[in-house]
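A.B. asks: heads up, no residue letters with this:
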């Protein structure tokens, strides 16, 4: 299951705060797709995945919108 989370227009730390809350609701193996416009979110989501143990499956940027796909591991 993939859950969508739109954090466009929000600045640090809100994209991470909202992602943390959303990922708590998921089951292991589920994925969270996040859209953000804060350039700082690139480093933030990489660090978030390292510290939480979740997998950053993919990330990218197009037209100022950063996208992340995170798989919940536990």
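C.D. replies: Looks like it came in fine. Everything quoted here is computed from the prediction, not taken from an experiment.

A.B. asks: where exactly do the strands run in the protein?
C.D. replies: 2-6, 31-36, 55-62, 65-71 (DSSP state E).

A.B. asks: in its sheet, what does the first one sit against?
C.D. replies: Right, the one you point to is strand 2-6. strand 31-36 (parallel) (DSSP bridges).

A.B. asks: Name the residues of the strand it pairs with that are buried.
C.D. replies: Within strand 31-36, the residues scored as buried using 16 or more other CB atoms under 10 Å are 31, 32, 34, 36. (Each C-beta comes from the backbone N, C-alpha and C, glycine too.)

A.B. asks: relative orientation of it and strand 65-71 in degrees?
C.D. replies: Put simply, strand 31-36 runs at 160 degrees to strand 65-71, going by axes from the mean of the first three to the mean of the last three CA atoms, to 10 degrees.

A.B. asks: if we can go back for a sec, any idea which of the strands of the chain is most buried?
C.D. replies: Burial of those is given as mean neighbour count (mean count of other CB atoms under 10 Å); strand 31-36 ranks first at a mean of 20.
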